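**Q** sharing a model prediction with you, sequence too.
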Amino acid sequence: MTRWNIATIFFLGVSGQRREVSFVPNAMNIITGASGTGKSTLIKAIDYCLGSSKCELPAHVRRRSIAVGVKWVAGDTEMIVGRIIPPVGQATSTRMFTAAGRNLALPDGVDGFDGATTLEAAKAFIERAFGIGDVGGDPDVASAGGRATVRLVTPYLFVTKEVIYSESTLLHGLEKADKARDIVAALPYFLRVTDEASAMDERRLRQLQRALEKEEARQRSRAAAETMLKQRATSLLEEARRLELAAPPSVEATEASLLAELKTVSETQLQASAYPSEGELGALNRRRREILSELVVVRRRSQATRTALREATGFQGTVARQRDKLTLAEHLHLDGIAGSCPVCDAPSERGREMAAALQQTLTNVRAESVAVDRVRPRLVEHDRALDEEIGRLNAELRRIDDQIQTWLRQSEETRRLADLGQLRAHLLGRISYFLEASVDEPRQATRDLAVLRGEIAELEARVDREAKEIKLNRAESKVSQFASEALAALPTVAPCIGSELDFSSRRPEVTVIEADSGAVLRLPDVGSDQNYLAIHIALSFALQRYFEAVNAPVPGLLVLDQISRPYFPKSGEDEDEAEISGGEEDEDVQAMRRHIDFLFAETACRKGLQVLLIEHAYFADDPRYVAATRERWTRASGRALIPLNWPTRGDQ
């Protein structure tokens, strides 16, 4: 698989001007110059043409350019991606141009672009060219969020000034919270641990699991609301029964049937009837005392069960620790103990007796561990059954209390109302009001959770998380190996000298395994800009080496923005290019030369890797450096990315 490199970055002026910056594929490319000449703008131009949501090109460029483009090459295949530059004050532009083929000519103006399109369509075009995504034309998957996109490739292409020697940011983009989540989620895809279809299955599975949790909570809330409605309806029917207006309500009756019974009662013609029976209140109170007695017994049993569970858990831990200690005896080969003294060779059975005692003790401890493992689940199940019994008794107690309150309320109303017919009329009015209020309450359609659980089970069967975990560990191990090899070739100071790097894609993060002590150090612990620089460069090249090995859909491009910053921190915005041409050199210059040697050597041995080094320093005495320098923008030459004599736009 031929990897994509950049052949040209170009800007178009308002009067037909075109500024080209050309690069050599599969090679080291260097842009040097003074501060403020537009070197770092090249990164923003590439990012903008990869579909970034905002245009971050400097105001000087936006005032004198109307479009920017990047020409990509992969063998004989070429691709030109262009985008309109918005005027200062406008956040971005969604007008883009895409074209692919062979021997593509650069446009002389905006009208010369081929393939006018929208931002989203352009990103999809670039993704197809890079090979991102393998789910075909499925519109449901293509429109879903969280899928691998071209925007998630940039962390592996750019090592910007925010990253180059940062102790907290590992990859470009991870410093932005809204983007970091998608970068981490897509990393297994770019590591070729999973394909996009599997990633979408995992995302869909997480969404369904969250939906199931929410729906179960809604149903519990709905069930509680329906229970309250059912209790009020039962209470009214109990009053109606005592006034001989309705039959006794059934305990198993549904909410709908209770409401139907109440509607029937509300249509009843009033007739003379008897007052509530005094004997019913006594029966209710007796049943209430019985329930309270049962609750006391069940709660005591529940407390005893939980005490037994805690003791079983503690005993299990003790047995496990004893078993772990006695397991050491297995390494003594107790079955082969000789029948003689190891010192004087006199016959002695003492050793065999002690070995037999140890073996017997180990057998007893194992038996006790098995017994605990067998009994503990039964205790857990018994405790759950007791909790359910307590819940049932509490529900029945609430129902009895409600009936008692209903009886008392009805008796008070009977005494207050002189006529039984007036009491019945009052009850029928309450029932009518209750029915009107219950009809007005919204009835939401319940979702079939069986279907949802079935879809979750199907996705869980397709998503092999164990296999993914194994593949991810292998990928992280390979990247760690490559990064450690690269770190050994780069200049570092203690504690990174001779240390190894361990890469984890979960966060992601890199830890340093110290050479002498084996201590595990996190990035902030290494405490030197020189170490941070070496770690970031080692990781960036390790990822590119891994992408090459697994044919990942990541372009073979690595842009480094001024690796000399830790060595020349005093280089300000107004300083000219720092030219180095031999003579006596300090440790910083020597360290920089080691970095340059590594960049040239690594680029030469990697297939399809193009390195773009944006640098303030210029090594005039290094023939490789001079030959690889594509642009040199010094104060003396007056050259820059966008010439100052370009006319400004009329829409400023």
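**A** Received the coordinates, thanks. A quick note: this is a predicted structure, and the numbers were derived from the prediction, not measured. Residues are numbered from 1 along each chain as shown.
**Q** packing partners for whichever helix or strand Ile126 is part of?
**A** Per DSSP states H and E, Ile126 falls inside helix 119-130. Here helix 119-130 is seen to pack against strand 77-84, strand 96-101 when contacts are counted using 3 or more Cβ pairs under 8 Å, 6 or more residues apart in numbering; DSSP states H and E. The C-beta positions use only the backbone N, C-alpha and C, and glycine is treated the same way.
**Q** including distance to Leu560, mean neighbour count and mean pLDDT, could the ones you listed go into JSON lines?
**A** Putting the helices and strands packed on helix 119-130 into JSON lines (distance: least, Cβ to Cβ, whole Å; neighbours: other Cβ atoms under 10 Å; pLDDT from 0 to 100) gives the following:
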{"stretch": "strand 77-84", "distance to Leu560": "22", "mean neighbour count": "22", "mean pLDDT": "96"}
{"stretch": "strand 96-101", "distance to Leu560": "27", "mean neighbour count": "20", "mean pLDDT": "96"}
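**Q** report the longest helix in this structure, please.
**A** Counting by DSSP state H, the longest helix found in the chain is helix 350-416.
**Q** and the helix or strand following that one, what's buried?
**A** Downstream of helix 350-416, the first helix or strand assigned by DSSP H and E is helix 420-440. Within helix 420-440, the residues that count as buried by 16 or more other Cβ atoms under 10 Å are 420, 423-424, 427-428, 431, 434-435, 438.
**Q** what average pLDDT does helix 420-440 get?
**A** Across helix 420-440, pLDDT averages out at 72.
**Q** remind me what that helix packs against, helices and strands.
**A** Right, helix 420-440 is packed against helix 196-242, helix 255-266, helix 350-416 by 3+ Cβ pairs under 8 Å, 6+ apart.
**Q** now find how far off-centre the longest one is within its chain.
**A** Its chain's C-alpha centre and that of helix 350-416 lie 39 Å apart, by Cα atoms, centre = their mean, to the nearest Å.
**Q** that helix packs against which elements?
**A** Packing partners of helix 350-416 (3+ Cβ pairs under 8 Å, 6+ apart): helix 196-242, helix 278-327, helix 420-440.
**Q** report the angle between the axes of the first one and helix 278-327?
**A** Computed with axes from the mean of the first three to the mean of the last three Cα atoms, to 10 degrees, the direction of helix 196-242 lies at 150 degrees from that of helix 278-327.
**Q** tell me the spacing between Arg95 and Thr118.
**A** Separation of Arg95 from Thr118 (Cβ to Cβ, to the nearest Å): 8 Å.
**Q** compare neighbour counts for these two and give me the winner.
**A** Between Arg95 and Thr118, Arg95 has the larger neighbour count (other Cβ atoms under 10 Å), namely 18 against 11.
**Q** where in the stretch 401-550 of the chain is pLDDT low?
**A** 413-421, 439-447, 458-465 (pLDDT under 70).
**Q** rerun that using 90 as the cut-off
**A** For the stretch 401-550 of the chain, the stretches flagged by pLDDT under 90 are 401-472, 506-508, 515-518, 523-529.
**Q** in it, which spans are helices?
**A** Ranges of helices within the stretch 401-550 of the chain are 420-440, 449-462, 465-488, 529-550, based on DSSP state H, counting those that start in this stretch.
**Q** can I get these in JSON lines including distance to Asn26?
**A** As requested, the helices of the stretch 401-550 of the chain are arranged in JSON lines below (distance: least, Cβ to Cβ, whole Å):
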{"stretch": "helix 420-440", "distance to Asn26": "74"}
{"stretch": "helix 449-462", "distance to Asn26": "40"}
{"stretch": "helix 465-488", "distance to Asn26": "19"}
{"stretch": "helix 529-550", "distance to Asn26": "12"}
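**Q** which ones are touching Thr511?
**A** Shown in contact with Thr511 (Cβ atoms under 8 Å, 6 or more residues apart in numbering): 501-502, 504, 520-523.
**Q** out of the residues you listed, give me the one that has the most neighbours.
**A** Tallying neighbours with other Cβ under 10 Å puts Leu501 at the head of those, with 24 neighbours.
**Q** surely that residue meets Ser484?
**A** Yes - with contacts counted by Cβ atoms under 8 Å, Leu501 reaches Ser484, the gap being 5.0 Å.
**Q** between the two, what contacts are shared?
**A** Ala538.
**Q** and the closest residue to Glu280 other than its chain neighbours, how many residues sit next to it?
**A** Distance criterion Cβ to Cβ, 6 or more residues apart in numbering; nearest residue to Glu280, sequence neighbours excluded, is Trp407 at 6.5 Å. For Trp407, the count of nearby residues is 19 (other Cβ under 10 Å).
**Q** so Trp407 versus Asn394, what's the distance?
**A** In terms of Cβ to Cβ, Trp407 sits 20 Å off from Asn394.
**Q** circling back: and the helices and strands packed on helix 420-440: which comes nearest Ser302?
**A** helix 350-416 (4.2 Å; Cβ to Cβ).
**Q** report the inter-axis angle for the closest one versus helix 196-242.
**A** Orientation of helix 350-416 against helix 196-242 (the same axes, to 10 degrees) gives an angle of 40 degrees.
**Q** now helix 350-416 against helix 420-440, angle please.
**A** 130 degrees.
**Q** residue boundaries of the helices in the stretch 1-150 of the chain?
**A** All helices of the stretch 1-150 of the chain, identified by DSSP H, counting those that start in this stretch, fall at 41-49, 59-64, 119-130, 139-142.
**Q** can you list these in a markdown table and add distance to Gly314, mean pLDDT and mean neighbour count?
**A** Putting these into a markdown table (distance: least, Cβ to Cβ, whole Å; pLDDT from 0 to 100; neighbours: other Cβ atoms under 10 Å) gives the following:
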| stretch | distance to Gly314 | mean pLDDT | mean neighbour count |
| --- | --- | --- | --- |
| helix 41-49 | 59 | 96 | 23 |
| helix 59-64 | 70 | 92 | 19 |
| helix 119-130 | 57 | 94 | 19 |
| helix 139-142 | 51 | 34 | 12 |
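**Q** let's have the ones you listed in CSV, adding distance to Ala247.
**A** Shown next, in CSV, are those (distance: least, Cβ to Cβ, whole Å):
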stretch, distance to Ala247
helix 41-49, 77
helix 59-64, 83
helix 119-130, 66
helix 139-142, 54
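**Q** go through the ones you listed and name the closest to Glu255.
**A** Judged by Cβ to Cβ, the one of the helices of the stretch 1-150 of the chain that comes nearest to Glu255 is helix 139-142, at 37.7 Å.
**Q** and whatever helix or strand comes next after that closest one, how far from the chain's centre?
**A** The helix or strand immediately downstream of helix 139-142 is strand 158-159, counting by DSSP H and E. Mean-position distance between strand 158-159 and its chain equals 22 Å (Cα atoms, centre = their mean).
**Q** try stretch 424-432
**A** On Cα atoms, centre = their mean, the centre of stretch 424-432 falls 58 Å from the chain's centre.
**Q** using PDB, list the CA coordinates for that stretch.
**A** Presented in PDB, the C-alpha positions along stretch 424-432 are these (Å, rounded to 0.1, in the frame of the first residue of the first chain):
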ATOM      1  CA  ARG A 424     -73.200   8.500  48.800                       C
ATOM      2  CA  ALA A 425     -73.600  11.600  46.700                       C
ATOM      3  CA  HIS A 426     -70.400  13.000  48.100                       C
ATOM      4  CA  LEU A 427     -68.600   9.800  47.300                       C
ATOM      5  CA  LEU A 428     -69.900   9.700  43.800                       C
ATOM      6  CA  GLY A 429     -68.700  13.300  43.300                       C
ATOM      7  CA  ARG A 430     -65.200  12.300  44.500                       C
ATOM      8  CA  ILE A 431     -65.200   9.300  42.100                       C
ATOM      9  CA  SER A 432     -66.300  11.500  39.200                       C
END
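**Q** where does pLDDT dip in the stretch 551-652 of the chain?
**A** Ranges of the stretch 551-652 of the chain meeting pLDDT under 90: 562, 564-590, 616-617, 634-639, 643-645, 649-652.
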